[in-house]
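Novice: need a structure here:
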Amino acid sequence: MEELSNNYGENVRRFNDVLGVGRSCDLVSRDYIIGGKRARIWVIDGYGKDEILERMGSFWLSLTEEHLSGLTEMQQFADRFITFSETDVSFDGEDIVTSVLLGKTLLLMEGLSGAALMDAKNYPGRGVEEPPDGKVLRGSHDGFVEAVVPNMALLRRRIRDPHLTMEGLKVGLRSRTDAVLCYLDDKADPGLLEEIRNKLNSIDVNSLVMSQESVAEAIRPKRKQWYNPFPKVRYTERPDSAAACVMEGNIILMVDNSPSVMILPTTFFDFTQEANEFYFPPLVGTYLRLLRIVVFLISLLITPAWYMMVSEPNRLPGWLDFLSSPEPASLPLLWQLLVVEFLIDVLKLASLNTPDSLSNSFSMLGALILGDFAVQAGWLGPEVLVYMAFVSVASFAQPSYEIGYAFKLLRVVLLVVTAMFDVWGFFLGILGILVLLATTKPLVGKGYLYPLVPFNGRALRRLFLREPISRDNT
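Specialist: Purely as a prediction, here's the structure:
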């Protein structure tokens, strides 16, 4: 859309047509006579604050021709007679239309060049209650919401530092979605920041309907690596976790309409940390962190290793006699493990789509009834259910759903390879996982295995050990 013309009537017709006055029922427009001059406002119903618009409109209608004498530019009118603080003047037609669709109120006036854009909007949204994932026993119980403005305020509340920068961007050719880069300008890596900024500005998609996931897919490396299940981005809905990452020099990317933020850069070892650890003393926090790492490694290897040891008679050493061969069942052992793997995901999906008042009881009943029936019918062995129950519980020890499903898929692949090639398959499968991990390309940053590759001993120690808060690591 071209820049504004000097003809008031032509500008009004253009904005009426582009914004859809009379075509869209939520587009509200109103004519005024202000000091003898024609004026018109446009605003999206549901965004505009009625009390503010009514108060400003009442004030404008009280103006006389003497008040407006000598005014030729909208900026002069805004400086004198628009009391709302978040007001700017624009001459760019495309920028004006985008601003109105974002919720700003547009004011045009006869004889004045430019258009006033008043950010008197109120986004519909929910409260900042604690998110369902990443809950803590102690500490703050607030969470991000779908609008970026309150999310920025939640971070400002925790980081009262003038170096904290909130850099606004527009991404998406048609959706023009709001995105905000949050960082400390004296700690964030300038090269990394410029790389992220260039990736966001070069996004060549019409719409980001799935918010952050759409952004992550749009800025991923050219080498797609669709076969790689490891997550390239870490998400959080907790303001305290996001603020801690900002203080460490990371960059937070907030996208409008999403209650979670992206933490960049992301490495594999970042998923070893959780907010709960920092609300306990260092010794307890270190124990919880190491426990979660060990449990998750066991959950990756337990079923393939058990299958390898019991698939051949007399393979178990004496001290592992308690890992006896499973009871005979109708299905082969490999198919028993695979069926239960997928059955667990079916129960998760069913629980997710079940009303809240029924989800807990439904999940428990489904697991008990199906498991007991399968054992009594001779389809599954009880040992299989025990091992898969441990795997299912262990998956909830990791707060990241993305890394949890990555481990699940790798466990299934490792199990199949072990069944095909026995001991060689087990160790080749582990080697393949390590190679896949080493070749994973992050969205931005030094590398997916940093601080192991390239090596940084101090940073690696801090990932595994919960160190006391000091002047150096706050």
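
Novice: which other residues reach stretch 374-384?
Specialist: Residues outside stretch 374-384 that contact it (Cβ atoms under 8 Å, 6 or more residues apart in numbering): 324, 326-331, 333, 336-337, 339-340, 371, 385. For the C-beta atoms, the positions are set from N, CA and C on the backbone; glycine is no exception.

Novice: what mean pLDDT does it get?
Specialist: The average pLDDT within stretch 374-384 is 76.

Novice: and that stretch, how far apart are its ends?
Specialist: 11 Å (Cα to Cα, to the nearest Å).

Novice: in it, what's buried?
Specialist: 374, 375, 380, 381, 383, 384 (16 or more other Cβ atoms under 10 Å).

Novice: for burial, what's the neighbour tally of residue 191?
Specialist: 9 (other Cβ atoms under 10 Å).

Novice: could you verify that it is part of a strand?
Specialist: No - looking at residue 191 with DSSP: H, G, I helix; E, B strand; the rest coil, it is helix, so not inside a strand.

Novice: which ones are touching it?
Specialist: Applying Cβ under 8 Å, 6+ apart, no residues contact residue 191.

Novice: ok, it to residue 251 distance?
Specialist: Counting by Cβ to Cβ, to the nearest Å, the separation of residue 191 from residue 251 is 12 Å.

Novice: tell me the helix or strand right after the worst-scoring helix or strand of the chain on mean pLDDT.
Specialist: Every helix and strand of the chain was ranked by mean pLDDT, DSSP states H and E. The lowest is helix 356-376, at a mean of 63. Later in the chain than helix 356-376, the nearest helix or strand by DSSP states H and E is helix 382-395.

Novice: chain center to the helix or strand following that next one, what's the gap?
Specialist: As assigned by DSSP H and E, the chain's next helix or strand after helix 382-395 is helix 401-438. Chain-centre distance of helix 401-438: 27 Å, with Cα atoms, centre = their mean, to the nearest Å.

Novice: who does helix 401-438 touch, helix- and strand-wise?
Specialist: Packing partners of helix 401-438 (3 or more Cβ pairs under 8 Å, 6 or more residues apart in numbering; DSSP states H and E): helix 282-310, helix 333-352, helix 382-395.

Novice: coming back round to it: as TSV, the buried residues of stretch 374-384 with distance to residue 443 would be great.
Specialist: Below are the buried residues of stretch 374-384 laid out as TSV (distance: Cβ to Cβ, whole Å):
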residue	distance to residue 443
374	42
375	45
380	41
381	43
383	42
384	38
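
Novice: farthest-separated two in these?
Specialist: 374 and 383 (12.7 Å; Cβ to Cβ).

Novice: out of the contacts of stretch 374-384, which is most surrounded?
Specialist: Going by other Cβ under 10 Å, residue 337 tops the contacts of stretch 374-384 with 25 neighbours.

Novice: what about the nearest residue to that one once chain neighbours are set aside, how many residues nearby?
Specialist: Leaving aside its chain neighbours, residue 337 sits nearest to residue 303 (5.5 Å; criterion: Cβ to Cβ, 6 or more residues apart in numbering). The tally of other residues near residue 303 (other Cβ under 10 Å) stands at 23.

Novice: my guess is residue 303 contacts residue 391. True?
Specialist: Yes - between residue 303 and residue 391 there is a contact under Cβ atoms under 8 Å: 6.5 Å.

Novice: what residues are up against residue 228?
Specialist: 436, 439, 440.

Novice: among these, who's most crowded?
Specialist: Going by other Cβ under 10 Å, residue 440 tops the contacts of residue 228 with 19 neighbours.

Novice: report pLDDT for it.
Specialist: Predicted confidence (pLDDT) for residue 440: 88.

Novice: so it lies in a strand, does it not?
Specialist: No - judged by three-state DSSP, residue 440 forms no part of a strand; its state is coil.

Novice: now for it: which residues touch it?
Specialist: 225, 228, 230, 232, 268, 448.

Novice: what does residue 394 give?
Specialist: 295, 296, 298, 299.

Novice: among the residues you listed, name the buried ones.
Specialist: Here, 16+ other Cβ under 10 Å leaves 295, 296, 299 buried among the contacts of residue 394.

Novice: export those to TSV and tack on distance to residue 213 and pLDDT?
Specialist: Formatted as TSV, the buried ones among the contacts of residue 394 follow (distance: Cβ to Cβ, whole Å; pLDDT from 0 to 100):
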residue	distance to residue 213	pLDDT
295	28	89
296	23	86
299	25	89
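
Novice: wait, which of those is closest to residue 19?
Specialist: For these, the nearest to residue 19 is residue 296 (52.2 Å; Cβ to Cβ).

Novice: what touches both of residue 303 and residue 391?
Specialist: Residues within reach of residue 303 and of residue 391 at once, by Cβ under 8 Å, 6+ apart, are residue 411.

Novice: now for the residue lying farthest from the centre of the chain: which residues touch it?
Specialist: Farthest-out residue of the chain from its mean C-alpha position, per Cα atoms, centre = their mean: residue 66, at 53.5 Å. Listed by Cβ under 8 Å, 6+ apart, the contact partners of residue 66 are residue 35.

Novice: repeat for residue 301
Specialist: Per Cβ under 8 Å, 6+ apart, neighbours of residue 301: 411, 414, 430.

Novice: which one of the residues you listed sits in the busiest neighbourhood?
Specialist: In these, the most neighbours by other Cβ under 10 Å go to residue 414, 24 neighbours.

Novice: just give me the neighbour total for the closest residue to it other than its chain neighbours.
Specialist: With Cβ to Cβ, 6+ apart as the criterion, residue 414 has its nearest non-adjacent residue at 4.1 Å, and that residue is residue 429. Around residue 429 there are 22 other residues, counting by other Cβ under 10 Å.

Novice: how close does residue 429 get to residue 423?
Specialist: 11 Å.

Novice: same question, residue 139
Specialist: Taken as Cβ to Cβ, the span from residue 139 to residue 423 is 46 Å.

Novice: neighbour-wise, which of these two wins?
Specialist: residue 139 (16 against 13).

Novice: and the more buried one, that's in a strand?
Specialist: No - using three-state DSSP, the secondary structure at residue 139 is coil, not a strand.

Novice: next up, the contacts around the nearest residue to it once chain neighbours are set aside.
Specialist: Nearest non-adjacent residue to residue 139, counting by Cβ to Cβ, 6+ apart: residue 279, 4.4 Å away. Neighbour list for residue 279: 136, 137, 138, 139 [criterion: Cβ under 8 Å, 6+ apart].

Novice: let's see 6 Å
Specialist: Going by Cβ atoms under 6 Å, 6 or more residues apart in numbering, residue 279 touches 136, 138, 139.

Novice: now the helices for the stretch 1-150 of the chain?
Specialist: For the stretch 1-150 of the chain, helices defined by DSSP state H, counting those that start in this stretch occupy the ranges 8-19, 50-61, 65-68, 74-81, 93-101, 148-158.

Novice: would you format these as a markdown table with distance to residue 132 and mean pLDDT included?
Specialist: Converted to a markdown table, the helices of the stretch 1-150 of the chain look like this (distance: least, Cβ to Cβ, whole Å; pLDDT from 0 to 100):
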| stretch | distance to residue 132 | mean pLDDT |
| --- | --- | --- |
| helix 8-19 | 38 | 92 |
| helix 50-61 | 34 | 87 |
| helix 65-68 | 55 | 91 |
| helix 74-81 | 44 | 93 |
| helix 93-101 | 31 | 88 |
| helix 148-158 | 17 | 89 |
